[in-house]
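Engineer: Pasting the sequence and the predicted coordinates here, then a few questions.
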Amino acid sequence: MTQPAPKQDPPIPPMTLALGLFLGLGCAALPLVPEPYRAYNFAAFGAVGLFVAGRMGLIPGLILALGSKLLSDVLNYAAHDFQDDYLPMASILASLAIYPVVGSALVRRTQNPLRIAGGAVLASVLFFLLSNFGSWLNQAMPYPYTVAGLIECYRQGVPFYRGTFFGDLVCTGSLFAAHALLAQYYFPAERTAAVPVENDR
């Protein structure tokens, strides 16, 4: 007597994808909002990458996080009359990839708020360290190639980082909370326990 084939989860969970796309495209469109009405340096691209990688896998997380950031950079570049200072920065895009990596490694199949918050903080701090190291290495500002110059680069980056850190925590918490509630009441197939841990493609 043959056993029935196990029920397969959908390869692309629609609610999870919709949440990631909604926030990712919303962040990408921020350059279209007049500057006086924007939160200073508030961003959620990392939260998108962390969430999508934590629920769908590394590759979807990378695509959504880096894709929305790149789209935002292009819109920002156009909004500033195509000035070279507003071109996308490879070091920022590379640093942003840490969020999906952390999401895939630490928050797969978990609803533990402390673990999710810890993953968000870890990814955010690593992003700050990597992105500012890249700015120092590429001489975005003329800091000397010394330990003192690197420390000064980090010190000068703290005011810019506050909005990013706040955005990481708020948006990560909002995404995971919305996912848990929607999965509980409307999308039972996407409950965390039903999301398989597989090798990312």
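Structural biologist: The structure has been received and is ready for your questions.

Engineer: residue ranges for the helices of the chain, please.
Structural biologist: 14-28, 45-56, 58-79, 90-96, 98-106, 113-137, 147-185 (DSSP state H).

Engineer: Ok, which of these comes nearest residue 34?
Structural biologist: Among the helices of the chain, helix 58-79 comes nearest to residue 34, with 9.7 Å by C-beta to C-beta. For the C-beta atoms, the positions are set from N, CA and C on the backbone; glycine is no exception.

Engineer: Now do that closest one and helix 98-106, the angle between them.
Structural biologist: 160 degrees (axes from the mean of the first three to the mean of the last three C-alpha atoms, to 10 degrees).

Engineer: quick one: helix 58-79 to helix 45-56, angle?
Structural biologist: 160 degrees.

Engineer: Quick check: chain neighbours aside, which residue is closest to the spatially most central residue of the chain?
Structural biologist: Nearest residue to the geometric centre of the chain (C-alpha atoms, centre = their mean): residue 46, 1.8 Å. Among residues not flanking residue 46 along the chain, residue 99 sits closest, at 4.0 Å (C-beta to C-beta, 6 or more residues apart in numbering).

Engineer: Need the per-residue pLDDT for that neighbour.
Structural biologist: We have a pLDDT of 97 for residue 99.

Engineer: Can you give me every residue that contacts it?
Structural biologist: Counting by C-beta atoms under 8 Å, 6 or more residues apart in numbering, residue 99 makes contact with 45-50, 53, 61, 65, 123, 127.

Engineer: Single out the most deeply packed of the helices of the chain.
Structural biologist: Looking across those with neighbours counted as mean count of other C-beta atoms under 10 Å, the highest average goes to helix 45-56: a mean of 31.

Engineer: Distance from the chain centre to that one, please.
Structural biologist: Here helix 45-56 shows a centroid-to-chain-centroid distance of 6 Å under the convention C-alpha atoms, centre = their mean, to the nearest Å.
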